[in-house]
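J.: need coordinates for the following:
(chains A and B)
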Amino acid sequence: MSDLRETRLEKARTLESLGRPPYALGFAPSHRTAALQQAHADLANGEERAVVVAVAGRVMTRRVMGKLAFFTIADESGPIQLFIEKATLLAAHPEEPDAFAQITSLVDGGDWIGVHGSLRRTDRGELSVKVTDWVMLTKALQPLPDKWHGLADVEKRYRQRYLDLIVSPHIRETFRRRARLVSAMRRWLDDRGFLEIETPVLQTEAGGADARPFATHHNALDLPLTLRIATELHLKRLVVGGFERVYELGRIFRNEGISTRHNPEFTSVEIYQAFADYHTMMDLTEQLLAAACLEVCGDTRLTYQGTAIDLTPPWRRVTMHELVEQATGLDFNTFADRSQAAAAMEAAGLAVPEAADSVGRLLVEAFEQAVETSLEQPTFVMDYPVENSPLARAHRSKPGLVERFELFIVGRETANAFSELIDPLDQRARLELQQLRRQAGDPEAQTVDEDFLHALEVGMPPTGGLGIGIDRLAMLLTDSPSIRDVIAFPLLRPEARERVGTDAVG
RNA sequence: GGGUCGCUAGCUCAGCGGUAGAGCAUUCGGCUUUUAACCGACUGGUCCUGAGUUCGAAUCUCAGGCGACCCA
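T.: Presented below is the predicted three-dimensional model:
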């Protein structure tokens, strides 16, 4: 089927027959390559150092010239060159006269090998391990992509992320940064007394957000279940239970479209703090994200897709009404009903969707059309219409609005927070309105979660709640244009493809 | 859901109606200071799939598949 694979299989068999198993049990490196490079930075060109080192890595390049060969191997820390001399191998192991021929003919790019040797910096200045012994650790049956061009096919990069990671070191850096981001956020929260508590992914009723869930089924209970679309309602139950600071950082599932900003499963952190309101949560958001950015990027200023972004607190805080008025000249406080608002929007050249059936929903429309993408620097957009925010507390002084903010950075919604609605009667009324919308055909409208309402009747203290999209934050901190660049294995439609055979080796 | 673009050797790509091509990788030969090593020789194809137009299709048309980007 594939000559390249067949050739490598044959080499694996040859190695086996020579007493060099193609799949080793292990290896004990004395150093990672980066540590070696650093420790011997003082070694002059053409000089040798009689230390014994052991390094292991994947063979990235091979250059064989007669009785001398240069390989580059790379471990996770980076590359190092191997200086492989026939005479050196022979002197170290006279009983293995073919060691040089074997390493140059049976080792291919992509193989994992381990070597022992001393150090030598070549005349051209490349620190190298002067090899005295080598072992095959893993024989690769598939070739690596082009060593110069790498993997350009975006589809293949996502489908075979392992290849992408091998040939594109900056992709590995993206996932390192993402890991540091998550870890920094957890540490920041843990240090301030927030408790991470895991809530159910499988739920009989998905709530806490306007989104369609994935449906699944529990066989033993013969129970239809959905995957969670938010962690909100369970974390609030924990606040009712007496935990004053809780959070959960984890996977959320929403059955909706895929784009450069949406993946059906994504990661969020939701944070709840008792006795706090949305102003407190703005302070918390600034401090948390600035600290995480500082830890991941070494600075609170960064560049995203060519735009300088400054995450140094404090950030701009402005109401949605003000932003819309600045952008369009329309003051939504003056509209008595939907038709007035709709006429004004049309006069201003904005689209008026049928589904936006109230002044408040039209305000959000105007915001999305005229403002959202222009909010490049971090901006807290405050005070949303109550219609779009069934879980947020009514505004303390502005009728028809709620105490809610969303954080926008580079034109993207990155966080969402409320002074939480803790009045059980108000909450019931809001959810019942949602239920009506749902019955009228809106599949994203929320349902009435009776147990949640019961919890509120038991009593939730005044609480500030916050949700942050980790993927979008990771995009920002890694300068990645697509959410798929920060998700190791993004969802793709399955590809009908023939897999290679399963021939055993040896 | 709509639009635009892409799919050719393991990888990166050219070819755009007249014999299926290049570089790298692979294979064979040479080479003790290379680092996109070099020199020589060879090998490697369901041109995404199907139908159509044509004397002749990788190339033109239609349908489908997968993907990218933009819009909703």
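
J.: quick one: is the lengthiest strand in chain A near RNA strand B?
T.: Looking across chain A with DSSP state E, the single longest strand is strand A:48-65. Yes: part of strand A:48-65 sits close enough to RNA strand B to count as contact by Cβ under 7 Å from any atom of the strand, namely A:61-65. C-betas here are computed from N, CA, C, even on glycine.

J.: restricted to buried residues, select the residues you listed in PyMOL.
T.: Those of these that count as buried under 16 or more other Cβ atoms under 10 Å are selected in PyMOL with:
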select buried, chain A and resi 62
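
J.: now distance to residue A:345 and pLDDT too, for the residues of strand A:48-65 next to RNA strand B, in TSV please.
T.: TSV is the format used below for the residues of strand A:48-65 next to RNA strand B (distance: Cβ to Cβ, whole Å; pLDDT from 0 to 100):
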residue	distance to residue A:345	pLDDT
A:61	61	95
A:62	65	96
A:63	67	96
A:64	71	96
A:65	73	94
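
J.: tell me which of the residues of strand A:48-65 next to RNA strand B is nearest to residue A:39?
T.: In terms of Cβ to Cβ, no member of the residues of strand A:48-65 next to RNA strand B lies closer to residue A:39 than residue A:61, at 23.2 Å.

J.: the closest one touches residue A:73, doesn't it?
T.: No: in this structure, residue A:61 is not within contact of residue A:73 by Cβ atoms under 8 Å, at 9.0 Å.

J.: so which of the residues of strand A:48-65 next to RNA strand B comes closest to residue A:338?
T.: The shortest separation between residue A:338 and any of the residues of strand A:48-65 next to RNA strand B is 66.6 Å, and it belongs to residue A:61 (by Cβ to Cβ).

J.: can you pull the contacts of the closest one?
T.: A:70-72, A:109, A:147 (Cβ atoms under 8 Å, 6 or more residues apart in numbering).

J.: for ChimeraX, write the selection for the buried entries among these.
T.: Only the buried members of the contacts of residue A:61 end up in this ChimeraX selection, burial being decided by 16+ other Cβ under 10 Å:
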select /A:70,71,72
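
J.: just give me the closest of the contacts of residue A:61 to residue A:375.
T.: When the contacts of residue A:61 are compared for distance to residue A:375 (Cβ to Cβ), residue A:147 wins out at 42.3 Å.

J.: and the helix or strand that the longest strand of chain A is followed by, what does it pack onto?
T.: Moving toward the C-terminus from strand A:48-65, the next helix or strand (DSSP states H and E) is strand A:68-75. Here strand A:68-75 touches helix A:33-39, strand A:48-65, strand A:78-85, helix A:99-106, going by 3 or more Cβ pairs under 8 Å, 6 or more residues apart in numbering; DSSP states H and E.

J.: can I get the ones you listed in TSV including distance to residue A:21?
T.: As requested, the helices and strands packed on strand A:68-75 are exported to TSV (distance: least, Cβ to Cβ, whole Å):
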stretch	distance to residue A:21
helix A:33-39	24
strand A:48-65	15
strand A:78-85	20
helix A:99-106	12
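
J.: which two of the residues of strand A:48-65 next to RNA strand B have the greatest separation?
T.: Maximum pairwise distance in the residues of strand A:48-65 next to RNA strand B, criterion Cβ to Cβ, is 13.3 Å, between A:61 and A:65.
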